[in-house]
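Trainee: prediction below, plus the sequence it came from.
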Amino acid sequence: MAETLQLITLAMIRARTAAHFVIGLAVCMSVSPAQRLSDFTAPRPLPAGSTMVVGFLGGFEQWDDDHRGVRKVALDLRAISHVYADTASNHRRRTALAAILRALDTNGDRRIDDAERRTARVILYGQSWGGAAVVKTARDLERLGIAVLLTVQVDSVGTHDSVIPANVRAAANFYQHDLLTIQGQRVIRAADPSRTRILGNFRLTYLFQPPADSSASWARRKLGGSHAKMELDPVVWTEVEQLITDAISN
């Protein structure tokens with residue numbers, strides 16, 4: 001029911017306005033179960049040298065939906081040593097931020113000191129409204145003086161999601177701008193180009209292409225348009241995962 005409601009809404013929305021975003025969030029909160037801090041698997045604190053990766057799902061998607069690209073990437077990343085990957089609903093951004101801060105608080109004093117800031121290794125990625133949540137969470141971390149190794153947005157939909165804050169070292173953006181569908185953020189740019197490297201704004205198109213995942217529900221395949229087709233595209237998520245693993249190894 002929630003998935004059908006999501007895709008019907010996606011098919012109807014064409015503008016990326018603040019009003020639509022607020023309405024969508026309200027509906028999202030009404031249909032999804034609350035995600036709790038205890039749902040995050042990253043240890044408190046993170047072992048030295050570890051990287052925490054948080055992926056934000058879009059729309060009305062539940063944080064633990066294993067059929068979603070964001071979640072699949074996180075599960076793959078858990079196979080890498082010293083990497084702790086979790087996913088979050090886009091409307092539970094504050095809970096995700098609390099999980100990040102809890103993991104970075106190595107001495108348990110409930111604050112992030114200079115030593116903890118220097119060793120912090122955080123990566124954020126997300127799709128649709130989750131892409132906007134990535135940028136907002138990066139800004140929250142900037143206010144706390146915490147660097148972010150990488151942000152990745154996939155067909156990001158939101159407000160003020162085009163300017164990447166200066167605490168982010170590298171950022172990438174994947175989007176489509178096909179007709180009769182929700183269109184992702186076209187261009188991201190660095191607030192401070194001397195501190196943030198934009199890896200690229202990568203445009204894709206899905207016009208006249210069937211969804212890559214034929215096992216997806218009818219509503220997801222038929223009503224979501226190119227926005228849904230992009231979320232179903234395994235090539236996109238392979239690229240996202242490669243960017244994350246590169247950032248971890250570097």
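Mentor: Nice, I can see it. Numbering: from 1, shown residues only.
Trainee: burial of residue 211, as a residue count?
Mentor: When counting by other Cβ atoms under 10 Å, one arrives at 19 neighbours for residue 211. Glycine gets a C-beta too; all of them are placed from N, C-alpha and C.
Trainee: nope, residue 238 is what I was after
Mentor: The criterion is other Cβ under 10 Å. On that basis, residue 238 has 13 neighbouring residues.
Trainee: show me where the protein has its strands.
Mentor: 51-57, 83-89, 122-127, 150-154, 163-164, 170-176, 189-190, 197-204 (DSSP state E).
Trainee: those: which one's closest to residue 248?
Mentor: The closest of these to residue 248 is strand 51-57. By Cβ to Cβ, the value is 5.1 Å.
Trainee: what's the closest one packed up against?
Mentor: Using 3 or more Cβ pairs under 8 Å, 6 or more residues apart in numbering; DSSP states H and E as the contact criterion, the secondary-structure elements in contact with strand 51-57 are helix 69-77, strand 83-89, helix 93-104, strand 122-127, helix 129-143, helix 234-249.
Trainee: tell me the most buried of those?
Mentor: Neighbour counts averaged per stretch over the helices and strands packed on strand 51-57 are highest for strand 122-127, at a mean of 29; criterion: mean count of other Cβ atoms under 10 Å.
Trainee: tell me which strands it pairs with, and in which orientation.
Mentor: Strand pairing for strand 122-127, using DSSP bridges, gives strand 51-57 (parallel), strand 150-154 (parallel).
Trainee: distance to residue 123 and mean pLDDT added to those strands, as CSV?
Mentor: Converted to CSV, the strands paired with strand 122-127 look like this (distance: least, Cβ to Cβ, whole Å; pLDDT from 0 to 100):
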stretch, distance to residue 123, mean pLDDT
strand 51-57, 5, 98
strand 150-154, 5, 99
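Trainee: need those in TSV with mean neighbour count and distance to residue 196, can you?
Mentor: Listed next are the strands paired with strand 122-127 as TSV, based on neighbours: other Cβ atoms under 10 Å; distance: least, Cβ to Cβ, whole Å:
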stretch	mean neighbour count	distance to residue 196
strand 51-57	27	18
strand 150-154	29	9
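Trainee: how about a markdown table for those, with distance to residue 103 added?
Mentor: Below are the strands paired with strand 122-127 laid out as a markdown table (distance: least, Cβ to Cβ, whole Å):
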| stretch | distance to residue 103 |
| --- | --- |
| strand 51-57 | 5 |
| strand 150-154 | 17 |
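Trainee: for these, which one sits closest to residue 144?
Mentor: Taking the strands paired with strand 122-127 one by one with Cβ to Cβ, strand 51-57 is closest: 14.3 Å.
Trainee: what sits against the residue nearest to the spatial centre of the chain?
Mentor: The residue at the geometric middle of the chain, judged as the C-alpha nearest the mean C-alpha position with Cα atoms, centre = their mean, is residue 126 (1.5 Å). By Cβ atoms under 8 Å, 6 or more residues apart in numbering, the contact set of residue 126 is 55-58, 70, 90, 132-134, 152-154, 156.
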